[in-house]
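[1] Could you look at this predicted model? Sequence included:
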Amino acid sequence: MTTTAAPSPALTPRSLALAHYAARAVLERVLARYGTTFQQSVTLRLLAVAEGPVTRDAVVADAVAALKVPEPEIEATLDELIDRGLAGQDGSALRITDAGRELYTTTSAATAPISARIYAGIPPEDLAAAGRVLAQVAERANAELAALEAAEQH
């Protein structure tokens, strides 16, 4: 008797959302141990991967593009990072501090084994296909968002 494997489920908006929120919940649980929010973590990462100081406007623009939140929220997040001593500001230039770098390194190290377990056993070709599909979905969703924003301004 031959058995056939069940077909793989198709990617749908719901399946994408469920995967996103499950992964984000894991990350938020780890970040909470360090008194850090998801938004703070994403914004701090932008400073961590920068090759030196970066303008506040650039960080705000990149964080808004990544998180799809209003600029004032990112401005407030930057102020929180500065108040906590995780980022420093000199004029319009921002930089990660030693404490910020330590937090970024620590939280990255804490999440790395969890990510490894989540992705373990998924064939590289499946990950590559998923990456391509998700890049297309993100590109198209960003285009739709831009069109909606443009229509709201008219």
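    Great, that's in hand. Here the structure is a predicted model, which means the values were calculated and not measured.

[2] now the chain, which segments are flagged as low pLDDT?
    1-5 (pLDDT under 70).

[3] please redo it, this time with the cut-off set to 90
    Where the chain drops to pLDDT under 90, the residues are 1-11, 92, 154.

[4] residue ranges of the helices in it, please?
    Here the chain has its helices, by DSSP state H, at 13-32, 38-49, 56-67, 71-83, 98-119, 124-153.

[5] Most tightly packed of the ones you listed?
    helix 38-49 (a mean of 19; mean count of other CB atoms under 10 Å). Quick note: C-beta positions are derived from backbone N, CA and C, even for glycine.

[6] What lies in contact with that helix?
    By CB atoms under 8 Å, 6 or more residues apart in numbering, the list of residues contacting helix 38-49 from outside reads 24, 27-28, 31, 36, 54, 59, 62-63, 66-67, 69, 73-74, 77-78, 80-81, 86-87, 94-96, 100-101, 103-104, 107.

[7] and it with helix 56-67, angle?
    Our comparison of helix 38-49 with helix 56-67, counting by axes from the mean of the first three to the mean of the last three CA atoms, to 10 degrees, yields an angle of 130 degrees.

[8] could I have helix 38-49 exported to CSV, CA atoms only?
    Taking C-alpha atoms only, helix 38-49 is exported to CSV below (Å, rounded to 0.1, in the frame of the first residue of the first chain):
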residue,chain,number,x,y,z
PHE,A,38,10.1,44.9,20.1
GLN,A,39,10.1,48.4,18.8
GLN,A,40,13.2,49.3,20.9
SER,A,41,15.0,46.2,19.7
VAL,A,42,14.3,46.9,16.0
THR,A,43,15.4,50.5,16.4
LEU,A,44,18.5,49.6,18.4
ARG,A,45,19.5,47.1,15.8
LEU,A,46,19.6,49.9,13.2
LEU,A,47,22.2,51.6,15.4
ALA,A,48,24.1,48.4,16.0
VAL,A,49,24.6,47.6,12.4
